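S.K.: Predicted model follows, preceded by the sequence.
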Protein chains: 2
Amino acid sequence: MRAAIFRNGEIVVDRMAEPKPGLGQVLVKTLACGICGSDLHARQHAHRMVEMARKTGRKPMDLARDIVFGHEFCCEIVDYGPGTTRKLKPGIHVCSLPALVTPQGIEGIGYSNDNVGGYAEAMLLSEGLLLEVPNGLAPEHAALTEPLAVGVHAVAKANIRGGEVPLVIGCGPVGLAVIAALRIKGLHPIVAADYSPARRALAAKLGADIVVDPRVSQPYATWAEHAQMSDAEKAARPPFQAMLPALKPAIIFECVGVPGLLQQVFEGAPRDARVVVVGVGVCMETDRHEPMLGIMKELNVQYVLGYTPDEFAASLRLIAEGQVDAAAMVTAEIGIDGVAKAFADLANPEAHTKIIVQPWR
Amino acid sequence: MRAAIFRNGEIVVDRMAEPKPGLGQVLVKTLACGICGSDLHARQHAHRMVEMARKTGRKPMDLARDIVFGHEFCCEIVDYGPGTTRKLKPGIHVCSLPALVTPQGIEGIGYSNDNVGGYAEAMLLSEGLLLEVPNGLAPEHAALTEPLAVGVHAVAKANIRGGEVPLVIGCGPVGLAVIAALRIKGLHPIVAADYSPARRALAAKLGADIVVDPRVSQPYATWAEHAQMSDAEKAARPPFQAMLPALKPAIIFECVGVPGLLQQVFEGAPRDARVVVVGVGVCMETDRHEPMLGIMKELNVQYVLGYTPDEFAASLRLIAEGQVDAAAMVTAEIGIDGVAKAFADLANPEAHTKIIVQPWR
């Protein structure tokens, strides 16, 4: 089969053997797979990713061997391995969180030497993790389940009590997923900031009530304009808080993920803000920040990663029921031969948000 | 009056004018005032403190002018200024949080050029903030209200739901206050770590169930030994968590406050841990840490500072009612002439925990 392979630090197109489904596994044809910012990061900083896997006790990639990225996929059932119930017939479209149950335990799909990701014509999934795609949903939109689940999980971890005013910093795919999940929670107004006009337009489309261009106005100042307490809320405060600014609680979602961003958030955040760090790009580098700012403002920082199986399944339903306008995020559909160029193209936020690979093209 | 004054980076004894109570203010005789780690830090890093005050919009100290430190005090009422109700008679012992209501607004006591702190024979307090010391409690123990309130506040901000196993890193006055507050919350077992045998003994006295010498065993490993889920708790987990270690939720209190400590906590913390940063010494310096560790483990970091007026009043009651063994923390009582030497002595955790200044001595 053909695949876009990560080899010697580059993405190259080559043929490789089609995988064979083992115990409880399913062979699937890959219909659509989104390119994630983490994939771009992995191509550039694979060594750091290996180091971090070692540090956190996970199985690191062997960079001397081939790897096929791609963990945001929708597939079609082709064949079953031994020990399967085969409830879903061949031809049915399915999603799965990017994990494979193997005799050695649960392994990841997409950053693994052993488990091929979605930038190949076929891959293996675990029968127990399959979710049937409902409502005749297009595979290109079902493939957005994974990035949406990241936003759904981040909002769940934000521990929302009601009455907060959210500020989303960065409106790439992660920020957009957070905005979509916040809209579903019914929290308003949602304030979102991004330098890119295209990304701001998408943010508004997915549910942001106020979009901010940081070149034109300071996101935290704009947030404060829209977070003023009502007179009733002011009156309900304990007396010692009367001297503080009368602002509703802040929840800031950091969805940019570059070093230095957390320090910027610490500087801009209002007192008592909760900060949810969803930007995964930040991850590979040591960051610097002044804890004193966190202390002076009594900030809370929640780091988040991934999602639960329930959140993943709920995300697929949200897209299938039209509650999230997944189609709005897709800016291009390409074949395996286009993956290397797409990695470069994604650097321009005006041109692209989510590029979908269709390996059968 | 006599005072231990912070002048040109040193603590010197000199005479200064007794302050005059303004509108709503009270002149008090300082009976006892604890020396806080923040005071040692301020003596060494006063310039950083000034810089941070500027950054966070607070009035910075003018280091060219005299400052009298001391914000953990118990006093005796001497005289009242205009506009006071004078409900508490002269001679009555009082505590107050270290703030003074002035015509310019609320100002701090203890790191101010204008408002003398507790290392002087007399000071000014605001009538509205006075708390009468109950039960004939000794001023030296009533003065511990402020540091205890720091622990009570940290535990309140930890958002305890029940069932967590706390780990207290560092058993100086802040860590001890956290342990005392945790004991009152009824959370068990309380695990606490410190290199100093004297501090570990105090930790046990104040309520730690397990004390760890990090030279002998790894605090996080010891914590894990005492945080194993019961069989019922194991069975109640959602299926996808069954592959994770069966540990009760962790709340880690960082009470050391040196740069690099947060990174150590990030490395040692179990998945999903909540980290409460109470170490104030860390504050003045830019710190480095790897956010990726936070992300991989989905850590939550709550920075805390100070306390509310209610928490302060509750802390005084806890000491007065004998619920917290405040006396255990006091390792020396000195006069104004002893303050400079006490600042040096406090570097040795074996010798001292809390030194109380009695300016009348």
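M.R.: Ah, there it is.

S.K.: right, and residue A:278 touches residue A:154 too?
M.R.: Yes: when contacts are counted by C-beta atoms under 8 Å, residue A:278 is listed as touching residue A:154 (4.5 Å). No exception for glycine: its C-beta is placed from N, CA and C like everyone else's.

S.K.: joint contacts of the two?
M.R.: Residues touching both residue A:278 and residue A:154 (C-beta atoms under 8 Å, 6 or more residues apart in numbering or on different chains): A:174, A:178, A:253, A:304.

S.K.: Is it correct that the third one falls within a strand?
M.R.: Going back to what we said before, that points to residue A:253. Yes: checked against DSSP: H, G, I helix; E, B strand; the rest coil, residue A:253 lies within a strand.

S.K.: Tell me which residues touch it, please.
M.R.: Neighbours of residue A:253 in contact, by C-beta under 8 Å, 6+ apart: A:154, A:158, A:166, A:167, A:168, A:169, A:175, A:178, A:276, A:278.

S.K.: how about these in TSV, adding secondary structure, neighbour count and pLDDT?
M.R.: TSV is the format used below for those (DSSP: H, G, I helix; E, B strand; the rest coil; neighbours: other C-beta atoms under 10 Å in any protein chain shown; pLDDT from 0 to 100):
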residue	secondary structure	neighbour count	pLDDT
A:154	helix	28	97
A:158	coil	25	95
A:166	strand	28	98
A:167	strand	30	98
A:168	strand	32	98
A:169	strand	27	97
A:175	helix	29	97
A:178	helix	34	98
A:276	strand	25	97
A:278	coil	29	91
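
S.K.: Considering these, which is situated nearest to chain B?
M.R.: residue A:278 (8.8 Å; C-beta to the nearest C-beta).

S.K.: quick one: contacts for the closest one?
M.R.: Neighbours of residue A:278 in contact, by C-beta under 8 Å, 6+ apart: A:150, A:151, A:154, A:174, A:175, A:178, A:253, A:254, A:255, A:257, A:304.

S.K.: Surely the third one and residue A:181 touch.
M.R.: Yes: with contacts defined as C-beta under 8 Å, residue A:154 counts as touching residue A:181 at a distance of 7.1 Å.

S.K.: Residue A:296 is in contact with residue B:57, isn't it?
M.R.: No: with contacts counted by C-beta under 8 Å, residue A:296 stays clear of residue B:57, the gap being 9.4 Å.

S.K.: more neighbours, these two?
M.R.: residue A:296 (21 against 7; other C-beta atoms under 10 Å in any protein chain shown).

S.K.: what about that one, distance to chain B?
M.R.: Distance of residue A:296 to chain B, given as C-beta to the nearest C-beta, to the nearest Å: 5 Å.

S.K.: Excluding chain neighbours, what is closest to residue A:168?
M.R.: Nearest non-adjacent residue to residue A:168, counting by C-beta to C-beta, 6 or more residues apart in numbering or on different chains: residue A:192, 4.2 Å away.

S.K.: Around chain B, pick out the residues from the stretch 1-150 of chain A.
M.R.: With C-beta under 8 Å from any C-beta of the partner chain as the criterion, the stretch 1-150 of chain A meets chain B at residues A:52, A:55, A:56, A:105, A:106.
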